[in-house]
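Novice: Any chance you could fold what I've pasted below:
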Amino acid sequence: MLIITPIRRLVLQRGLTSQPSGPLRPCRWSCPHHTISQLACNPHSLQQLVKENMAPSADDMKLVGCKNFVRHNPMTDRFDVHKFHHIEFYCADATNVARRFAWGLGMGQIGKSDQSTGNHVSASYVIQSGEVKLVFTAPYALETEKAPDAVSPIPGYDPEFAQKFVMKHGLAVRAVGILVGDAKAAYESSVQNGGVGVLKPHTLTDKESGKTTTVSEVKLYGDVVIRWVSGDFEGPFVPGYEKCECPDVSIGIQRLDHCVGNVPKLLDAVKYITGFTGFHEFAEFTAEDVGTLDSGLNSMVLASNNEMVLLPVNEPTFGTKRKSQIQTYLEQNVGAGLQHMALKTDDIFHTLAEMQKRSHVGGFEFMPRPNKVYYEQMPERIGDALTKEQYKQIEQLGLLVDKDDQGILLQIFTKPLGDRATVFFEIIERVGCMKDIAGRLEQAAGCGGFGKGNFSALFKSIEDYEKSLNV
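Specialist: A predicted model of the protein is given here:
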């Protein structure tokens, strides 16, 4: 079932009648299985429709824009979803790519699977900071003679496909790992509800502890898969990876906040993803919300029940002076793919200062900063939630700042991570929105929004960067 909008918006867009209080009124919407007048037009009744797979088509959906969007969580996940587990990149040289990312992000190598561990199919390295795990995998030469048991610990890994993937996309994300209650049940439910199965559930057992990890994969968009992960194994990644000892080199990156995908057609992709996951819409933006005079995009943010998994999806818009940055990505990536990952820190001043020290010695460079006027107008736009000293640091570091009615977002974007103008990182800190969950304070998901107030400045920065590349 697809709920592309919060329940209230679904009612309004379908022209159904509803009352927030008083006697329940029947709804006028029929389908082959039920007449909705038999159900009450309220969130509970519409959730009943969710369970019965009454999904509107992509043609029925429409973007209403940030101004008209009303956030609502209908709790429609099809299975138990916890949080992001890992991101796996496919690359041509895992050794050097992993070391560069570890240095640039302040992450330590915690696991490996390569020839030294008996894997003669691929070299794969795991780096971590806080809860963020990044995996870098590269195939060995296909022509090398290998023993029958010389396989990758990742079930279904195909070195020939991996080689073609890298030739097609360059350095790119292959898998978005998501921790779930049961990876087998998640796969079965996903496939039953329209998801394209890529890897059937496999359970891996650690020889020493006897603990297990179950993994399965479903197509997300393009050549990217969602990898469902569950189990009680507590090693560096999955059974078969050897643990690596490393010192604490963290510069403050704590967790993966959201993963953004670029697709040719937004509503088709959203219908597909929400159909097999049950995720709800968390936010949306149209070209009018985010574009400049030169280019634009449309975007929807999808979320799990607990809103710890946020999956924004973008599409390009056309008819503008310049090609949309999303269209540039689709051309450079040769199709849909994962555009960027937002890495969350609790002290962006420290994290960014450390990253910038490494920018010209093997780390990551950042997009050009906004002009002076942006920073002069910031105190008026953001208010006294930040101190004069913080405003000074923000300008020195080239940060972007935005706020919503709940909190504040500080953000900055790297330049593309590889040779192509495709995948990049966003570094963010969210301020505010603390709530009591089971006796402990936790920050609400998406606190401070997704930088709507910065989109024009960001687009201008990206446009200027792309102009310098002539892409």
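
Novice: Just to check, Pro155 is in contact with Thr203?
Specialist: No. Applying C-beta atoms under 8 Å as the test, Pro155 and Thr203 come out as separate, 9.1 Å apart. No exception for glycine: its C-beta is placed from N, CA and C like everyone else's.

Novice: Between the two, tell me which one has more neighbours.
Specialist: Neighbour tally, Pro155 and Thr203, criterion other C-beta atoms under 10 Å: the higher count belongs to Pro155, 18 against 15.

Novice: Beta-bridge partners for the closest residue to the more buried one other than its chain neighbours, please?
Specialist: Leaving out its chain neighbours, the residue that sits closest to Pro155 by C-beta to C-beta, 6 or more residues apart in numbering is His202, at 3.8 Å. With DSSP bridges as the criterion, His202 is bridged to Val215.

Novice: now Lys133
Specialist: Gln128.

Novice: Which residues are in contact with it?
Specialist: 85-87, 110, 126-127, 177, 237 (C-beta atoms under 8 Å, 6 or more residues apart in numbering).

Novice: if we go to 7 Å?
Specialist: Residues counted as contacts of Lys133 (C-beta atoms under 7 Å, 6 or more residues apart in numbering) are 85-86, 126, 237.

Novice: what about it, distance to Met300?
Specialist: For Lys133, the distance to Met300 (C-beta to C-beta, to the nearest Å) stands at 26 Å.

Novice: shouldn't Ile428 be in contact with Gln411?
Specialist: Yes. Using C-beta atoms under 7 Å, Ile428 makes contact with Gln411 at a distance of 4.6 Å.

Novice: overlap in contacts of these two?
Specialist: With C-beta under 7 Å, 6+ apart, Ile428 and Gln411 have no common neighbours.

Novice: what's the nearest residue to Arg100 if we skip its chain neighbours?
Specialist: With sequence-adjacent residues excluded and distances taken as C-beta to C-beta, 6+ apart, Arg100 is closest to Gly362, at 5.8 Å.

Novice: Would you mind giving the secondary structure of Ser116?
Specialist: Under the three-state scheme (DSSP: H, G, I helix; E, B strand; the rest coil), Ser116 adopts helix.

Novice: end-to-end on stretch 413-420?
Specialist: With C-alpha to C-alpha, to the nearest Å as the measure, the first residue of stretch 413-420 is 16 Å from its last.

Novice: The most centrally placed residue in the chain: what's it in contact with?
Specialist: Centroid check for the chain by C-alpha atoms, centre = their mean gives Cys259 as the closest residue, at 1.2 Å. The contact partners of Cys259, taken as C-beta under 7 Å, 6+ apart, are 176, 311, 338, 341.

Novice: any idea which helix or strand comes after the helix or strand where the second one lies?
Specialist: Using DSSP states H and E, Leu311 falls within strand 310-316. Downstream of strand 310-316, the first helix or strand assigned by DSSP H and E is helix 325-333.

Novice: residue boundaries of the strands in the stretch 151-300 of the chain?
Specialist: 172-180, 197-205, 212-221, 224-231, 242-243, 253-262, 280-285, 297-303 (DSSP state E, counting those that start in this stretch).

Novice: What of the stretch 1-150 of the chain?
Specialist: Counting by DSSP E, counting those that start in this stretch, the strands of the stretch 1-150 of the chain are 81-90, 108-113, 122-129, 132-139.

Novice: residues contacting Glu217?
Specialist: So Glu217 contacts 175, 198-199, 225-227 (C-beta under 7 Å, 6+ apart).
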